[in-house]
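> I'd like to go over a predicted model; first the sequence, then the structure.
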Amino acid sequence: MKVLITGATGFVGKATVQALIERGHTVRCFVRPTSDTTEFDGLENLSIFTGSLFNDEDLEKAMRGYDALVHLANVYSFWELNPSSYDEVNINGTIHVMRAASKSFLGHVVHISTAVVYGDAQPQPYNELTQYGSERFSQYADSKFYGEKFAEKFMEEEGLPLTILQPASVIGAGDLKSSGRQIENFVLNKYPVKAFLGTKITYVYVKDVADAIVRVLENPKTIGQRYLIGKESITHEEYLNKIAETANIKLPKLVLPDWAALFLAQALTVRANRTGKPPLWGFSIDMAKTFQAGFQADGTRAEQELGLSYTPVVEALEESIRWHMKNLEKN
């Protein structure tokens with residue numbers, strides 16, 4: 001199968017490229033001119049297409065002659081200097097990609113959403129049959145929710161052969177986004193306090209997400225379906241204790257109550273918006289609200305229908321921590 005991937009140089013994208021090539025598929029990476037593609041040097045059955053996510057001609061040209069598309073490109077963060085970038089990329093970018101895919105008559109399109117689009121859905125753990133909640137806890141989650149809805153609209157109105165995947169919080173070696181930075185900050189003893197210790201979050205190993213993407217692409221019966229990816233939830237306290245144990249560090253003793261943590265996050269966010277510099281410790285109000293609420297997803301359906309086998313969260317977390325420790329030593 002010949003597969004085009006947007007967002008190929010990202011955390012999940014790199015793992016997906018590797019998984020597809022290992023399964024014998026041909027991959028084309030749709031990247032921006034500024035993207036670093038050196039990690040792909042020397043890989044067989046891989047090509048690079050440079051273009052803009054907002055240029056339909058670029059997208060249609062990249063899709064020409066290809067069988068399937070994996071749409072991974074997105075803005076994933078809990079604070080942006082220009083908050084309109086969430087909607088610009090995660091909504092408008094998705095519309096451009098899905099429109100081009102509809103015109104290109106691809107055999108299969110896989111849109112990567114996120115488990116946090118369910119927001120305050122109840123009961124938890126929620127599954128694919130659970131009604132989405134009325135409130136989401138970050139601009140990122142909101143933009144991914146609407147991006148997903150527009151993708152579904154192309155499926156319903158244009159007949160786009162779409163499958164939607166909703167990964168939980170993705171962890172593993174090579175994570176340079178929010179989860180990875182949090183691990184680094186704790187390893188470096190940058191955090192003076194702890195918070196939201198009882199909150200439960202569902203985590204999933206990055207290679208399991210890549211495996212799910214490949215399995216979906218290879219199974220035409222998944223077209224028209226939606227799959228949560230991730231199953232095992234742990235408390236934030238368990239998460240931090242694993243960091244301390246693996247990195248052989250001491251965690252802060254001071255624990256903030258929720259109201260104080262939210263107040264601090266709001267103050268740090270206001271300051272960041274004024275200075276144009278990211279919030280101290282990355283502790284934005286969107287991150288704080290997400291951690292206070294937590295989320296528990298039940299990705300059992302992916303096990304049953306895709307044959308996916310989940311890696312224990314502790315193993316994935318240990319790999320991520322050790323990678324960050326080694327990365328910090330190098331720098």
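Now that the structure is in, tell me what you want to look at. Numbering: from 1, shown residues only.
> over to the nearest residue to Gln225 once chain neighbours are set aside. Which of the three states is it?
Nearest residue to Gln225, sequence neighbours excluded (Cβ to Cβ, 6 or more residues apart in numbering): Thr163, at 5.7 Å. Glycine gets a C-beta too; all of them are placed from N, C-alpha and C. Put simply, Thr163 is strand when judged by DSSP: H, G, I helix; E, B strand; the rest coil.
> hang on, Thr163 packs against Tyr227?
Yes - if you go by Cβ atoms under 8 Å, Thr163 and Tyr227 touch, sitting 7.4 Å apart.
> who touches both of the two?
Val216 (Cβ atoms under 8 Å, 6 or more residues apart in numbering).
> so which residues of this protein form helices?
11-22, 56-63, 84-87, 94-104, 139-158, 178-187, 206-217, 236-247, 258-275, 285-293, 300-306, 313-330 (DSSP state H).
> could you give the angle of the second one to helix 94-104?
Regarding helix 56-63 and helix 94-104, their directions subtend 60 degrees when assessed with axes from the mean of the first three to the mean of the last three Cα atoms, to 10 degrees.
> how distant is helix 56-63 from the center of its chain?
Helix 56-63 sits 24 Å away from the centroid of its parent chain (Cα atoms, centre = their mean, to the nearest Å).
> what's that helix in contact with?
4, 28, 30, 49, 51-53, 69, 96-97, 99-101, 103-104, 106.
> and what of the fifth one?
Counting contacts by Cβ under 8 Å, 6+ apart, the residues outside helix 139-158 that touch it are 71, 74-78, 80, 83, 86-87, 89-91, 93-95, 98-99, 101-102, 109, 111, 113-114, 116-117, 119, 132, 136, 160-162, 164, 224, 286, 290.
> now, of these, which are buried?
71, 74-78, 80, 83, 86-87, 89-91, 93-95, 98-99, 101-102, 109, 111, 113-114, 116-117, 119, 136, 160-162, 164, 286, 290 (16 or more other Cβ atoms under 10 Å).
> please tell me how far Pro167 sits from Phe137.
From Pro167 over to Phe137 the distance is 17 Å, taken as Cβ to Cβ, to the nearest Å.
> these two: which has the busier surroundings?
Pro167 (27 against 23; other Cβ atoms under 10 Å).
> which residues touch that one?
Val12, Ile112, Thr114, Ala115, Val204, Val209, Ala212, Leu228, Ile229, Gly230.
> picking that back up, which single one of the contacts of helix 56-63 is nearest to Leu256?
Nearest to Leu256 among the contacts of helix 56-63: Leu53, at 39.0 Å, using Cβ to Cβ.
> count the neighbours of the residue nearest to Gln225 for me.
25.
> before we move on, what about the one 3 residues further on?
Summarising burial for Gln166: neighbours were counted as other Cβ under 10 Å, giving 23.
> and if you look at Leu251?
17.
> what's the distance between it and Tyr239?
11 Å.
> which secondary element of this protein has the worst mean pLDDT?
One helix or strand of the chain scores below all others by mean pLDDT, DSSP states H and E: helix 178-187, with a mean of 85.
> please report how far Ser138 lies from Ala265.
From Ser138 to Ala265 the distance is 12 Å (Cβ to Cβ).
> between these two, what contacts are shared?
Joint contacts of Ser138 and Ala265 (Cβ under 8 Å, 6+ apart) are Met287, Lys289.
> between those two, who's got more neighbours?
Ala265 (26 against 22).
> what sits against Gly299?
Contacts of Gly299 by Cβ under 8 Å, 6+ apart are Asn127, Ala168, Thr202, Val204, Tyr227, Leu228, Ile229, Gly230, Lys231, Leu308, Tyr310.
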